[in-house]
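In: Just a sequence and a predicted model for now, questions to come.
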Amino acid sequence: MNRDHWGDRADVHARSRHYDLDSVVAHGPAPIAGPDEGEVGPVAGRSLLHLHCHLGTDTLRWAALGADVTGVDLSGRSVGIARELAGRLGLAATFLQGTCTTCPRFSTGGSTSSTRPAGSSAGSRPG
């Protein structure tokens, strides 16, 4: 039931003025709001796992700062929208469907569904 709810919300949110995905594509992801960026420090080349990533907008903000990002969400529809958004932005990101307790396990040499800009290669993640 909750998965269906968030699948329905994904489509509503993707069309909403609040998320304004067309503006995100036109201008790039907004800066990280609040103290997070300052507290975390430089993220270029660091791995970041974002649980409950929804449409991926926050996850992609970190990717724009150079982090190697993976977003996980309960809703397959949210994951699909996040992958599409990453592709439109030309940002490297991996988005997977799962929950906090059943999050897909990362493995070296394994295959994940990734969105990578043209000309880049998908790296493996430590297990």
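Out: Alright, I've got the coordinates. Numbering: from 1, shown residues only.
In: Low-confidence regions, the protein specifically.
Out: Scanning the chain for pLDDT under 70 picks out 1, 32-35, 103-127.
In: Sketch out the helices for it, chain order is fine.
Out: For the chain, the helices defined by DSSP state H occupy 2-14, 21-27, 36-40, 57-64, 76-89.
In: From the contact counts, what lies against the second one?
Out: By that I understand helix 21-27. helix 57-64, helix 76-89 (3 or more C-beta pairs under 8 Å, 6 or more residues apart in numbering; DSSP states H and E). (Each C-beta comes from the backbone N, C-alpha and C, glycine too.)
In: now swap in the longest one and tell me
Out: Contact partners of helix 76-89 among helices and strands, from 3+ C-beta pairs under 8 Å, 6+ apart: helix 2-14, helix 21-27, helix 57-64, strand 68-73, strand 93-97, strand 114-115.
In: Of these, which is nearest residue 46?
Out: Among the helices and strands packed on helix 76-89, the nearest to residue 46 by C-beta to C-beta is strand 68-73 (6.9 Å).
In: Between helix 2-14 and that closest one, find me the angle.
Out: Angle of strand 68-73 versus helix 2-14, following axes from the mean of the first three to the mean of the last three C-alpha atoms, to 10 degrees, is 120 degrees.
In: just how off-centre is strand 68-73 within its chain?
Out: On the basis of C-alpha atoms, centre = their mean, to the nearest Å, strand 68-73 sits 5 Å off its chain's mean C-alpha point.
In: do the same with stretch 16-23
Out: 16 Å.
In: what does it rub up against?
Out: 13, 14, 55, 57, 81, 85 (C-beta atoms under 8 Å, 6 or more residues apart in numbering).
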